[in-house]
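Student: okay, predicted coordinates and the sequence, questions at the end:
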Amino acid sequence: MPFLTVDNISVNFRGVKALAGVSFSVEEHSIFSVIGPNGSGKTTLFNLINGIYKPDRGRIVFQGTDISRLSPDRIARRGIARTFQNIELFSRASVMDNLLLGRHIHMRCGVFSGAFMWGRRSRAAREEIENRESVEAVMEFLGISPLRDHPVVNLPYGKRKLVELGRALALEPRLLLLDEPTAGMSADEKKDLDVRIRAIRDQYKATIILIEHDMGVVMGLSDTVLAIDQGRVIAEGKPREVQSHPDVVKAYLGS
Ligand SMILES: Nc1ncnc2c1ncn2[C@@H]1O[C@H](COP(=O)(O)OP(=O)(O)OP(=O)(O)O)[C@@H](O)[C@H]1O
Ligand SMILES: [Mg+2]
């Protein structure tokens, strides 16, 4: 059974075909990249996989279940997390609180109920401790522990990108969707993230779908690359094959 199958997906926005009959499969524990010129439908694909949009046609099957009609929350509960092209965080809240919010699917007692402890053994208290430990581990992994109490709004862009990644990781995802994670980062930050993305796959046992414009990052990280243009698949395969595919070269030169 494939880990994720996108089967003949189409979606239109007021007559504009954002995706037209897109199909592909992603293997578990792989790093799968999606490339394509601006406006080709990459982010729309993520919005369909995580349930923000519903397809007009086609289906998305995750671990044997059709998820294409489920709400974003139910999809998150199945272990699909994402980051956004334009960072979406609670900017006045601390790094720690943003990551704790990423764990909402693991919370039975409500996000901040641990603050009202009735005794150390209460379920809310235990859950609070568990959540904090898990979030501490994610911060440690990303090297942002010293920033735990800082409001996100005060952090430089590269750090905010890491916090957003941390919030997605706090969900303990099986499938992680990263929408242009290195955009706006310095060369050093990119190299660092490259290493971390690999480590996410290995340590968190996650499967990763990456939308990325930096070809260096794509070539170095991906097991498989899917190229789309104007809502259609134009190539799929090993990074080098896709990079040199005539239709891919043409799509990039034309954009
Ligand atoms: N909610 C929406 N309403 C109307 N049109 C939309 C909506 N979402 C996406 N589109 C359109 O769908 C097409 C694909 O957009 P999408 O954001 O998926 O592209 P992209 O490949 O992520 O581009 P970029 O590289 O610039 O991020 C574009 O023409 C866009 O204007
Ligand atoms: Mg996009």
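Tutor: Great, that's in hand. Numbering: from 1, shown residues only. Ligands and ions are numbered 1, 2, ... in the order given.
Student: domain ranges for the chain, per the record?
Tutor: 1-79+173-255, 92-170 (automatic domain parsing).
Student: residues in contact with the closest residue to Arg57 other than its chain neighbours?
Tutor: Among residues not flanking Arg57 along the chain, Ser10 sits closest, at 4.3 Å (C-beta to C-beta, 6 or more residues apart in numbering). Placement of C-beta: from N, CA and C, glycine included. Neighbouring residues of Ser10 by C-beta atoms under 8 Å, 6 or more residues apart in numbering: Lys17, Leu19, Ala20, Gly21, Val22, Pro55, Asp56, Arg57, Gly58, Gly231.
Student: which among the residues you listed end up buried?
Tutor: Taking 16 or more other C-beta atoms under 10 Å as the criterion, what is buried in the contacts of Ser10 is Leu19, Ala20, Val22, Pro55, Gly58, Gly231.
Student: and the fourth one, what pLDDT?
Tutor: For Pro55, the pLDDT comes out at 97.
Student: okay, now the residue lying closest to it once chain neighbours are set aside: neighbour count?
Tutor: Leaving aside its sequence neighbours, Pro55 sits nearest to Ile9 (C-beta to C-beta, 6+ apart; 4.9 Å). If you count neighbours by other C-beta atoms under 10 Å, Ile9 ends up with 26.
Student: quick check, Ile9 in contact with Lys54.
Tutor: No - taking C-beta atoms under 8 Å as the definition, Ile9 is not a contact partner of Lys54, at 10.3 Å.
Student: what's the overlap in contacts for these two?
Tutor: Common contacts of Ile9 and Lys54, defined by C-beta under 8 Å, 6+ apart, comprise Leu48, Ser68.
Student: which parts of this protein are strands?
Tutor: All strands of the chain, identified by DSSP state E, fall at 4-13, 16-26, 31-35, 57-62, 65-66, 80-83, 175-179, 207-211, 224-229, 232-237.
Student: now Ser94: closest residue in space, sequence neighbours ignored.
Tutor: Excluding the flanking residues, the one nearest Ser94 by C-beta to C-beta, 6+ apart is Asp149, at 5.2 Å.
Student: for that neighbour, what are phi and psi?
Tutor: In terms of degrees, to the nearest 10, the main-chain angles of Asp149 are phi -100, psi 0.
Student: from memory it sits against Ala93, does it?
Tutor: No - shown here, Asp149 and Ala93 do not form a contact pair, counting by C-beta under 8 Å, at 10.5 Å.
Student: rewinding a little: just put the strands of the chain in CSV and tack on distance to ligand 1.
Tutor: As requested, these are arranged in CSV below (distance: least, C-beta to the nearest ligand atom, whole Å):
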stretch, distance to ligand 1
strand 4-13, 3
strand 16-26, 3
strand 31-35, 8
strand 57-62, 15
strand 65-66, 22
strand 80-83, 13
strand 175-179, 7
strand 207-211, 7
strand 224-229, 7
strand 232-237, 12
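Student: can you tell which of those is closest to Val138?
Tutor: strand 80-83 (11.5 Å; C-beta to C-beta).
Student: give the partner strands of that closest one in its sheet and their orientations.
Tutor: Sheet pairing for strand 80-83, assigned by DSSP bridges, gives strand 175-179 (parallel).
Student: so what pLDDT did the closest residue to ligand 2 within the stretch 1-150 of the chain get?
Tutor: For the stretch 1-150 of the chain and ligand 2, the shortest gap (C-beta to the ion) falls at Thr43, measuring 3.1 Å. Predicted confidence (pLDDT) for Thr43: 97.
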